[in-house]
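Undergrad: A structural model of the following input is requested.
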Amino acid sequence: PPYLEHALLTPIGDVQWPWHSHAPMFTDDLPDGRRQLVLFDNAVYQAAPFTAVTPVENYVSRIVAYAIDENAMTVEQLWSYDNSTVAGPMWSAIMGDADWLENGNVLAVFGLVSELGGVSNKDLGLDEQTTHIVEFDPATLTDVWHLVVSAPLEMDGEGWSCYRSQRITSIAGRVVD
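TA: Next up, the predicted model:
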């Protein structure tokens, strides 16, 4: 609507907008004063009004960071993590989380994954649903730590899903590495 046009951000460079975001989190401001926003994007449907829906086999979830200059009303995409160095591309149909950690890494939760790199969990010998909790370095977009929560296919269940997770640095006074 025209009355909101003053609030629109002008993209700088190649900005890929999220399709279905979860857990947006402002982090520390960048050295140049811009605000940094990190979020989880399920990438569901991937269609603007009056356009065709992207085929589901092409969906890939991601964690993305944007730099927002509130004075200049601009936005720039800083990076996008969408390809685990351990598991490959993942699509989490629902649920997801992204948290900026004190050590500079990002903790991401792909809450309900049914395929990895285009291969179904069943073809991988796993139950229908798995959860991937990944800590990655945003400077290199490489995994630092990767936990897969799954069950073997022979258990004949739906598997596991997770909505949010937190990195615990100590339990009862003991440091957790």
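Undergrad: same for the longest strand along the chain, what does it pack against?
TA: As assigned by DSSP state E, the longest strand anywhere in the chain is strand 106-116. Here strand 106-116 touches strand 35-41, strand 90-92, strand 97-100, strand 130-137, going by 3 or more Cβ pairs under 8 Å, 6 or more residues apart in numbering; DSSP states H and E. (C-beta placed from N, C-alpha, C; glycine too.)
Undergrad: and with 7 Å instead?
TA: Using 3 or more Cβ pairs under 7 Å, 6 or more residues apart in numbering; DSSP states H and E as the contact test, the elements touching strand 106-116 are strand 90-92, strand 97-100, strand 130-137.
Undergrad: winner for burial among these?
TA: Using mean count of other Cβ atoms under 10 Å, the stretch among the helices and strands packed on strand 106-116 with the largest mean neighbour count is strand 90-92, at a mean of 25.
Undergrad: what lines up beside it in the sheet?
TA: Here strand 90-92 has these sheet partners by DSSP bridges: strand 106-116 (antiparallel).
Undergrad: give me the neighbour count for residue 161.
TA: The number of residues packed near residue 161 is 19, by other Cβ atoms under 10 Å.
Undergrad: before we move on, which element is it in?
TA: According to DSSP states H and E, residue 161 maps onto no helix or strand at all.
Undergrad: pretty sure it is touching residue 130, no?
TA: No. In this structure, residue 161 is not within contact of residue 130 by Cβ atoms under 7 Å, at 8.5 Å.
Undergrad: picking that back up, next SSE after the longest strand of the chain?
TA: As assigned by DSSP H and E, the chain's next helix or strand after strand 106-116 is strand 119-120.
Undergrad: tell me what residue 100 is bridged to.
TA: Beta-bridge partners for residue 100, by DSSP bridges, are residue 106.
Undergrad: so what's it up against?
TA: When contacts are counted by Cβ atoms under 7 Å, 6 or more residues apart in numbering, residue 100 touches 25, 27, 38, 106.
Undergrad: before we move on, back to that, nearest to residue 13, of the helices and strands packed on strand 106-116?
TA: strand 97-100 (21.0 Å; Cβ to Cβ).
Undergrad: now the closest one: how far from the chain's centre is it?
TA: Centre-to-centre, strand 97-100 and its host chain are 8 Å apart (Cα atoms, centre = their mean, to the nearest Å).
Undergrad: do the same with stretch 30-43
TA: Chain-centre distance of stretch 30-43: 12 Å, with Cα atoms, centre = their mean.
Undergrad: appreciated, that's everything.
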